[in-house]
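Visitor: What follows is a predicted structure for the sequence shown.
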Amino acid sequence: MTSQSANPELVAPAQAQAAQIPLQSFTLPTFPLEAFTAGLTSLILTSDIPINDYGTLIQEPFTIPDLPPSITSLTLEGFALGYFNPVVRGNEERRHNINSPSNFLSTLCSRLSPLASLTLYEQVFPGSTTPTIYDGTAFLVRLGPSLKSLHLIDVFAPAGFWDNLSPALAANLKVLEWSYTTRSDEGWLESLGAEGIAGFVAALGKEVVGITVRIVKGNDGEGEEGGGRVVDDEERGIKVVEGEPARALARGLVGEIKDELLLLDVSMFALKAEEVSDVLDKCPKVKSLSIAVELKSWEEALGRLAEKERGVEEIDIIGVLPEGADPGLVTKGQLEKIADGWKALKNLKISTSKTAVVEWVKDAGEWTRRA
């Protein structure tokens, strides 16, 4: 079931799996009775609220009707300025009461059965005021026990928001995706709250199977000079988080053996080659690895990674260089050296800040370079 209007429409009752509802306010439409027996599993709420009206609508009363109990996946997309900000008259206790029915996210959560998956896309979450922060915290804490998959894509939050949520959310997750599209804003990298992201990753339990924490470039045609827009510049590439937040991430990943982890992408952070080796010791089943590595030369970095046998099948390495440094090119001999220890390796991509990506592919036992 997919809706392109304000009211959900049943497309195929026997096969309905998802409903996508564009919202022009914070009131949800009433679902038809058929939706409660159709086996609907995914609800996608997309903000279609004009920015000029957002400030007004965010303060108006709203209604959320009963929702099909079969829903296990929720996506909230494009709520650029956050969620309902109640103007409550009364004392401070009433204003900050996270159980108040006037809070949008908490009310939404109360209408849903326990969720297995949550996706937040392109937004400030949950907002910047104290009531909305309380509301967002209550929402996520209530979801925590059942949540197995969390996807945060271009989501910005108030400073420190994720710090206290790590114990409630991270321990039960099997899949974490935390991704940002690089931007040209000065100070943008600092706005991500890298310390909180590193702490959240450290709190993940030993049953996690996929971790993606990355910064990506925009798609072709999205780049625009200045104005805080997405940058897609082959020469400029992307920047990654360096320094103490990166050290904290490495420490967090080696704190507990994660022997179910198959996919590890922590390319948001620049790690040292020895830190990568330590992480792989604690994550012995990783098959797909994407990392940013501090390096002076590819020979030194790849040599350090090749010291131990690994079961990695594909690896994407972003080289993070001191200013003005030239790491040279990866030679076939250097590649074969790491391949001798990483016998399952079939694909290797290397780049410096995602510029001039070079890919090596193993086909019929022979390595071939693809530019």
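Guide: Received, thanks. Here the structure is a predicted model, which is why all the values come from computation and not from measurement.

Visitor: Which residue ranges of this structure form helices?
Guide: For the chain, the helices defined by DSSP state H occupy 51-57, 92-95, 104-111, 130-143, 166-169, 194-202, 244-253, 273-282, 298-305, 332-341.

Visitor: Dump the ones you listed to JSON lines, plus distance to residue 175, mean pLDDT and mean neighbour count.
Guide: No exception for glycine: its C-beta is placed from N, CA and C like everyone else's. Compiled in JSON lines, the helices of the chain are given as follows (distance: least, Cβ to Cβ, whole Å; pLDDT from 0 to 100; neighbours: other Cβ atoms under 10 Å):
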{"stretch": "helix 51-57", "distance to residue 175": "31", "mean pLDDT": "86", "mean neighbour count": "11"}
{"stretch": "helix 92-95", "distance to residue 175": "36", "mean pLDDT": "40", "mean neighbour count": "11"}
{"stretch": "helix 104-111", "distance to residue 175": "20", "mean pLDDT": "93", "mean neighbour count": "20"}
{"stretch": "helix 130-143", "distance to residue 175": "14", "mean pLDDT": "91", "mean neighbour count": "21"}
{"stretch": "helix 166-169", "distance to residue 175": "12", "mean pLDDT": "88", "mean neighbour count": "17"}
{"stretch": "helix 194-202", "distance to residue 175": "13", "mean pLDDT": "95", "mean neighbour count": "21"}
{"stretch": "helix 244-253", "distance to residue 175": "16", "mean pLDDT": "96", "mean neighbour count": "19"}
{"stretch": "helix 273-282", "distance to residue 175": "18", "mean pLDDT": "95", "mean neighbour count": "18"}
{"stretch": "helix 298-305", "distance to residue 175": "25", "mean pLDDT": "87", "mean neighbour count": "19"}
{"stretch": "helix 332-341", "distance to residue 175": "28", "mean pLDDT": "83", "mean neighbour count": "15"}
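
Visitor: And the ones you listed: which comes nearest residue 291?
Guide: helix 273-282 (5.7 Å; Cβ to Cβ).

Visitor: how far off helix 244-253 does that closest one point, in degrees?
Guide: Here helix 273-282 runs at an angle of 20 degrees relative to helix 244-253 (axes from the mean of the first three to the mean of the last three Cα atoms, to 10 degrees).

Visitor: by contact count, what packs against helix 273-282?
Guide: In this structure, helix 273-282 makes packing contacts with helix 244-253, strand 263-271, strand 288-294, helix 298-305, judged by 3 or more Cβ pairs under 8 Å, 6 or more residues apart in numbering; DSSP states H and E.

Visitor: give me that answer again for 7 Å
Guide: helix 244-253, strand 288-294, helix 298-305 (3 or more Cβ pairs under 7 Å, 6 or more residues apart in numbering; DSSP states H and E).

Visitor: okay, residue 6: pLDDT?
Guide: Looking at residue 6, its pLDDT is 43.

Visitor: To clarify, my last question referred to residue 356.
Guide: 67.

Visitor: on that earlier part again, okay, the helices and strands packed on helix 273-282 in TSV with distance to residue 35 next?
Guide: Listed next are the helices and strands packed on helix 273-282 as TSV, based on distance: least, Cβ to Cβ, whole Å:
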stretch	distance to residue 35
helix 244-253	42
strand 288-294	37
helix 298-305	51
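
Visitor: Of these, which is nearest residue 116?
Guide: strand 288-294 (22.6 Å).

Visitor: so what strands line up beside the closest one?
Guide: Here strand 288-294 has these sheet partners by DSSP bridges: strand 263-271 (parallel), strand 314-320 (parallel).

Visitor: first vs last residue of stretch 38-49, how far apart are they?
Guide: 29 Å (Cα to Cα, to the nearest Å).

Visitor: buried set for that stretch?
Guide: 38, 40-47, 49 (16 or more other Cβ atoms under 10 Å).

Visitor: Redo the helices of the chain as TSV? Include distance to residue 364.
Guide: Shown next, in TSV, are the helices of the chain (distance: least, Cβ to Cβ, whole Å):
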stretch	distance to residue 364
helix 51-57	55
helix 92-95	68
helix 104-111	53
helix 130-143	48
helix 166-169	45
helix 194-202	38
helix 244-253	35
helix 273-282	27
helix 298-305	23
helix 332-341	14
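
Visitor: out of the ones you listed, nearest to residue 76?
Guide: helix 104-111 (8.6 Å).

Visitor: a markdown table please, covering the buried residues of stretch 38-49 and showing distance to residue 329 and pLDDT.
Guide: As requested, the buried residues of stretch 38-49 are exported to a markdown table (distance: Cβ to Cβ, whole Å; pLDDT from 0 to 100):
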| residue | distance to residue 329 | pLDDT |
| --- | --- | --- |
| 38 | 56 | 86 |
| 40 | 53 | 92 |
| 41 | 48 | 95 |
| 42 | 45 | 96 |
| 43 | 49 | 97 |
| 44 | 45 | 97 |
| 45 | 48 | 97 |
| 46 | 45 | 97 |
| 47 | 46 | 95 |
| 49 | 50 | 92 |
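
Visitor: Now for the residue nearest the centre of the chain: which residues touch it?
Guide: In the chain, the centroid-proximal residue (Cα atoms, centre = their mean) is residue 178; its distance is 1.6 Å. For residue 178, the contacting residues are 152, 197, 212-213, by Cβ atoms under 7 Å, 6 or more residues apart in numbering.
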